[in-house]
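J.: Pasting the sequence and the predicted model now:
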Amino acid sequence: MILVPGQSLGNFQLGMALPDAIELLKADATHFELLFNDAEPLQSDICLKVPKDGMNLRFEPKSQRLHLIDVYDLMMCRLSYTKNTVNTCFADAHLTPTFLLVYELFGPTYPGQYDKSKQAYFLKYPGLSFLFPIPEEFRDLYDGTGNNNEVPLEMPDGTTPAATRFFVYTGPSAELSTLPPLCEDDEQAEHISAQLWGDLQLNFRRLRCSISTQSTAQDVLSSLGEPSDIYCKGGSGSVQGINSTSDRAQQSHQHHRTYPDYFYNYSRLGLDLLFDAQSHLLKKMILHTNSPAHQNFHTYHKCQFQLLLPPDASSGDSSSADSHATTDGIDGISHSGAVTCDMKWDAVQRICGSGGRPMVHGSSTAAHPFGKTYFYAPYPGCIFEVMRNGHMAGVVLFKG
């Protein structure tokens, strides 16, 4: 794998979406482990541990974008760095990445820092840092009591320490890593606001378009482009012959004369859109959070949505700071409150009101390893799917 400091390692690019990283691993039939905080999934990184490559891929939990590549075993795969257009290997099963080798390949840099808690020396480059454990008998040279500005090219006994770990990131350090900025045309930059009154409407900030319950399948295709797939409601699979053509709208009108209502699946936007088979009008919108604590995790990218209540809405707690009429800074829409994809159910209830007794879905079985989910309808035309940890798995919107 080729290392590009501050950018990538092999095919894994900083800032990439979690589902895209999983697809890369699955395409190579690479075993990986998904690690996350089940109780509070938005409080800790989502981690893909890849033992075959001795690597952890750490994703910021709210955006689900890669912010840190942690290689904890440098002997598991061949690691290279391109210098002067030449790819040079600096670690593999037969090559030890010594301090001297790393220093000569990556060049001189500012003196690193000795971390007493890890008993190791960190050598930092922009977007890259290496960890070198220091033998016990020489730690006093770098622990602040000795000449801790020395670079450990060579120990007093003539040996040179070897790197056991390195980190790739953007930002000032691995501990303070940040997400690279998104290009305006990047799909991950899409934010969607749903206007929950009148003709139910979704507003797309990046695409600068809107769709509503008055939109036809052709309107949606013109605004959002080709869907990832098309499914018939209650069917067992995608509608064959439609996905493979460019003239999808015309064929869908012909094909659905004998089919039930059908879905356009926009997996990269985290959306499912249900159309009436007769009128071909949009009738239902399903927005997914892609929570790792949900059985459908990785089926969709995360939908970054905001639900706007009408300015005169009376549901929920009128004393809430979110319930007073305001104007949304993104879309310029006056509303009385907003629900975002990262809110927990108790916060949603303070805005929308109690959902009453929920409908229970699934059970704690092999098919549903995370247990039951609960469907609440606290607001007309809006059903929330809530997981047992209190976070939303998604929301179903329809004309109430």
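T.: Sure thing, it's come through.

J.: and Lys302, what element?
T.: Assigned by DSSP states H and E, Lys302 belongs to neither a helix nor a strand.

J.: Could you check how far it is from Asp20?
T.: 12 Å (C-beta to C-beta, to the nearest Å). In this view, the C-beta of every residue, glycine as well, is placed from N, C-alpha and C.

J.: Which of these two has more residues huddled nearby?
T.: Set Lys302 next to Asp20 and count neighbours by other C-beta atoms under 10 Å: Lys302 wins out with 23 against 17.

J.: Return the residue spatially closest to the more buried one, with its sequence-adjacent residues excluded.
T.: Asn290 (4.2 Å; C-beta to C-beta, 6 or more residues apart in numbering).

J.: The one you found contacts Leu271, correct?
T.: No - using C-beta atoms under 8 Å, Asn290 makes no contact with Leu271, being 11.5 Å away.

J.: can you tell me which residues contact His288?
T.: Going by C-beta atoms under 8 Å, 6 or more residues apart in numbering, His288 touches Gly270, Leu271, Asp272, Asn296, Thr299, Tyr300, Lys302, Cys303, Ala393, Gly394.

J.: Helix, strand, or coil at the residue nearest to Lys302?
T.: Secondary structure for Asn290, judged by DSSP: H, G, I helix; E, B strand; the rest coil, is coil.

J.: What is the burial count for it?
T.: Using other C-beta under 10 Å, Asn290 has 22 neighbouring residues.

J.: OK, contacts around it?
T.: In this structure, Asn290 makes contact with Leu18, Pro19, Gln64, Gly270, Asn296, Phe297, His298, Thr299, Tyr300, His301, Lys302, Cys303, judged by C-beta under 8 Å, 6+ apart.

J.: re earlier: where do the contact lists of Asn290 and Leu271 overlap?
T.: Taking C-beta under 8 Å, 6+ apart as the criterion, Asn290 and Leu271 both touch Tyr300, Cys303.

J.: what's the burial count for Tyr264?
T.: Tyr264: 22 neighbours (other C-beta under 10 Å).

J.: In contact with it, which residues?
T.: Tyr264 makes contact with Ala217, Val220, Pro227, Ile230, Asp272, Leu273, Phe275, according to C-beta under 8 Å, 6+ apart.

J.: Any regions of this protein where pLDDT drops low?
T.: Within the chain, the ranges that satisfy pLDDT under 70 run 142-153, 234-259, 312-336, 363-370, 400.

J.: How far off centre is the lengthiest helix in it?
T.: Longest helix in the chain, counting residues (DSSP state H): helix 18-27. Taking C-alpha atoms, centre = their mean, to the nearest Å, the mean C-alpha location of helix 18-27 is offset from the chain mean by 12 Å.

J.: next structured bit after it?
T.: As assigned by DSSP H and E, the chain's next helix or strand after helix 18-27 is strand 33-35.

J.: what residues does the next helix or strand after that next one touch?
T.: Proceeding N to C from strand 33-35, the next assigned helix or strand is strand 46-50, under DSSP H and E. Residues outside strand 46-50 that contact it (C-beta under 8 Å, 6+ apart) are 18, 21-22, 25, 30-36, 55-59, 61, 64, 292.
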